[in-house]
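In: Generate coordinates for the sequence data below:
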Amino acid sequence: MLFEFADEDGRVFTNSILLCAWIVARAIIFSDKYSRARANVLILKVYPTKEAKILSQITFNDTSFGGIFVSRDSNRLVVLGCKYKFPEFGYRTFIIDVKTFADVYDISNKSKPALLANFTMTGSYFNSRMIDDYVYFVISQPSYVIYDTVILPKIYLNGERKEIGATEVLYSDTSDNYFLYSTVVALNMQNATEQPTRKTIMLGGTSSMYVSLNNIYITFPALYGNTTIYRIRVENSTISPEAKGEVPGHELNQFLMDEYNNYFRIATTKWVNGTTQNNLYVLNMNLSIAGSLENIAPSETIDSARFIENRCYLATSIVRKDPFFVIDVEDATEPKILGYLKIPGFTRYLHPYDGSHIIGVGRDENNSVKISFFDVSNVSAPVEIDMYSVTGVWSDTPVLTEHKAFLFDKSKDLLAIPVSIYYNGDKYWQWQGLYVFNITLSHGIILRGNITHQENGDTYWDSTYWVKRALYIENMLYTVSDKKIKINSLEDLVEIKEISIP
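Out: Predicted coordinates:
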């Protein structure tokens, strides 16, 4: 199941554009994928609670969803995904064709979504973002030759097929083990009659993507353990590839990248002479290195990072230990470590609480899920002011790999994450659901309760009952799994209603 409830790149906004769209609509729109043959986009009315129900369903065949976006006025929906073509007979174990599509729907009538436009292109979906009225997405297609014929990307629009000409493909002199055609597309979701614009560049294998309000940054593994970075400027329908740079090492994910005050920052890990070396680089808008801080925590590995204005918070790890660094990046030419803290376990996701406090999610020394609460007001001596470990033989949370599963609102003292817990009592079994916390500076992290979609012992190992996302609207808390949506009171977590998903 795929949901879009959060800003992809972790920019610190009061309300992200996507989140505003969900709440204004008083509805939840999400996609589910039970099998390769059928996938659905469901629109549900969820407020007022007594009227909660499924309003409509859009069904896709042989589809893997990539992203869904709702316009700010909640009247437009864009569905992104890949269509796969399988053999006509025999086992459907391999794909013989893949195309990426973007469908634009008018959802002013939530009960009857109307398809307004479709854009389809050969290649696989890589990533996407929405800025104002435009959805920007990237499609990657391998560069190869069959029977002396160069296979170029093809576009399907309004029932017509067009091949991108070789002279339209931009090229950068870059060494790589293989090449891909990477196409950046700008789609106006409000004006379905406006033709999507695009730029195709022959690049290496796409790795990560970070997007500011003006630039798309795409990274690619380069030779000798380095990373190539491309900056592509976007403004409405205009797509302008403007700069290319390279740094030693590789980034873990988009949270190790950031743009601030016309500088791009990236943290990487590189193998040097058989050991790891962690680095932080500051690049100008030409993607030339302006400053660097190298060899941070030798022989360790970056687990997570978060850039917030002129600070970088960085967590590395060795066995069962988690050094947490506060780094000053105000002077782009000379980033420096201000302070650090060593605690048991490791931190895989960092999230700002306020200007001087950070929330971390990772594992403790016993391999259980751990939530840390850091005070970084004294930059030379950060402190873990509180922590909470999930008890059990072993526990896990999707937040470690998917930040959209993390729900936090400081104004409501609310923190919630999906958790799986493995027990070893009379028999080995599992509990899965949402842990709901109060988090405050005065009392730290306090567990308020939990919500599960599991019905009985028969569903312990059925992942379709696992809670994957949570959100709130006013005083109601919504949890979503593949099988159902539960509505609970945000005040006391009492269940109000349950909606089954067909």
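
In: Bridge partners for residue 485, pull those for me.
Out: residue 480, residue 499 (DSSP bridges).

In: Break the chain down into its structural domains.
Out: Domain assignment for the chain by automatic domain parsing gives 72-248, 253-387, 390-502.

In: Deepest-packed of those, please.
Out: Of all these, domain 253-387 carries the top mean neighbour count, a mean of 19, counting by mean count of other Cβ atoms under 10 Å. Just so you know, the C-beta spots here come from the backbone N, C-alpha and C atoms, and that holds for glycine as well.

In: about what we covered before: so which of the domains of the chain comes closest to residue 61?
Out: Ranking the domains of the chain by proximity to residue 61 (Cβ to Cβ) places domain 72-248 first, at 8.2 Å.

In: Surely residue 85 touches residue 61?
Out: No. The pair residue 85 / residue 61 is not scored as a contact, 10.8 Å apart, by Cβ atoms under 8 Å.

In: Please name every helix or strand in contact with the helix or strand containing residue 140.
Out: Assigned by DSSP states H and E, residue 140 belongs to strand 134-142. Secondary-structure packing of strand 134-142 (3 or more Cβ pairs under 8 Å, 6 or more residues apart in numbering; DSSP states H and E): strand 63-70, strand 76-85, strand 97-106, strand 114-122, strand 124-131, strand 180-188, strand 215-221.

In: so what secondary structure elements neighbour the second one?
Out: Contact analysis of strand 76-85 by 3+ Cβ pairs under 8 Å, 6+ apart lists strand 27-33, strand 39-45, strand 53-60, strand 63-70, strand 97-106, strand 124-131, strand 134-142 as its packing neighbours.

In: Let's have these in a markdown table, adding distance to residue 325 and mean pLDDT.
Out: Formatted as a markdown table, the helices and strands packed on strand 76-85 follow (distance: least, Cβ to Cβ, whole Å; pLDDT from 0 to 100):
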| stretch | distance to residue 325 | mean pLDDT |
| --- | --- | --- |
| strand 27-33 | 37 | 58 |
| strand 39-45 | 42 | 88 |
| strand 53-60 | 45 | 92 |
| strand 63-70 | 33 | 89 |
| strand 97-106 | 39 | 93 |
| strand 124-131 | 28 | 95 |
| strand 134-142 | 31 | 94 |
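
In: so which of those strands gets nearest residue 454?
Out: Nearest of the helices and strands packed on strand 76-85 (Cβ to Cβ): strand 27-33, 18.0 Å.

In: can you pull out the strands in the stretch 201-350 of the chain?
Out: 209-211, 215-221, 226-235, 238-248, 257-260, 263-272, 275-283, 289-296, 301-308, 311-317, 321-328, 336-344, 346-354 (DSSP state E, counting those that start in this stretch).

In: partners of the longest one in the sheet?
Out: I take that to be strand 238-248. strand 226-235 (antiparallel).

In: Same check on the first one?
Out: For strand 209-211, the paired strands and their directions (DSSP bridges) read strand 215-221 (antiparallel).

In: Quick check: mean pLDDT of the strand it pairs with?
Out: Throughout strand 215-221, pLDDT has a mean value of 93.

In: between the domains of the chain, which one is nearest to residue 52?
Out: Of all these, domain 390-502 comes closest under Cβ to Cβ, at 5.5 Å.

In: all helices of the stretch 301-450 of the chain, in order?
Out: Here the stretch 301-450 of the chain has no helices by DSSP state H, counting those that start in this stretch.

In: before we move on, back to that, let me have the helices and strands packed on strand 76-85 in CSV, extended by distance to residue 267.
Out: Output for the helices and strands packed on strand 76-85, formatted as CSV (distance: least, Cβ to Cβ, whole Å):
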stretch, distance to residue 267
strand 27-33, 32
strand 39-45, 36
strand 53-60, 38
strand 63-70, 25
strand 97-106, 30
strand 124-131, 19
strand 134-142, 22
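
In: Indicate which one of those is closest to residue 423.
Out: strand 27-33 (28.5 Å).

In: Go ahead and confirm residue 392 touches residue 421.
Out: Yes. Between residue 392 and residue 421 there is a contact under Cβ under 8 Å: 4.0 Å.

In: shared neighbours, those two?
Out: residue 431 (Cβ atoms under 8 Å, 6 or more residues apart in numbering).

In: need the helix or strand of this protein with the lowest average pLDDT.
Out: helix 17-25 (a mean of 32; mean pLDDT, DSSP states H and E).

In: So which of the helices and strands packed on strand 134-142 is nearest residue 471?
Out: Short answer: strand 63-70, nearest of the helices and strands packed on strand 134-142 by Cβ to Cβ, at 13.1 Å.

In: which parts of that closest one are buried?
Out: 63-70 (16 or more other Cβ atoms under 10 Å).

In: roughly how far apart are the spatially closest residue to residue 258 that is not a sequence neighbour and residue 257?
Out: Leaving aside its sequence neighbours, residue 258 sits nearest to residue 307 (Cβ to Cβ, 6 or more residues apart in numbering; 3.4 Å). The gap separating residue 307 from residue 257 is 8 Å, by Cβ to Cβ, to the nearest Å.

In: How about residue 385?
Out: 28 Å.

In: quick check: longest strand of the protein.
Out: strand 428-440 (DSSP state E).

In: ok, that strand: who's next to it in the sheet?
Out: Applying DSSP bridges to the sheet, strand 428-440 is found paired with strand 414-424 (antiparallel), strand 444-451 (antiparallel).

In: Could I get the average pLDDT for the last one?
Out: This points to strand 444-451. 97.

In: could you point out which element follows it?
Out: That would be, after strand 444-451 and using DSSP H and E, strand 469-473.

In: Give the rounded mean pLDDT of that following strand.
Out: For strand 469-473, the per-residue pLDDT averages 94.

In: quick check: angle from it to strand 428-440?
Out: 40 degrees (axes from the mean of the first three to the mean of the last three Cα atoms, to 10 degrees).

In: Give the pairing partners of strand 469-473; include direction for each.
Out: Assessed with DSSP bridges, strand 469-473 is paired to strand 476-480 (antiparallel).

In: Can you tell me what sits against the partner strand?
Out: Counting by Cβ under 8 Å, 6+ apart, 1, 3, 28, 30, 46-47, 49, 416, 433-434, 436, 451, 453, 467-472, 485-490, 493, 496 sit against strand 476-480.
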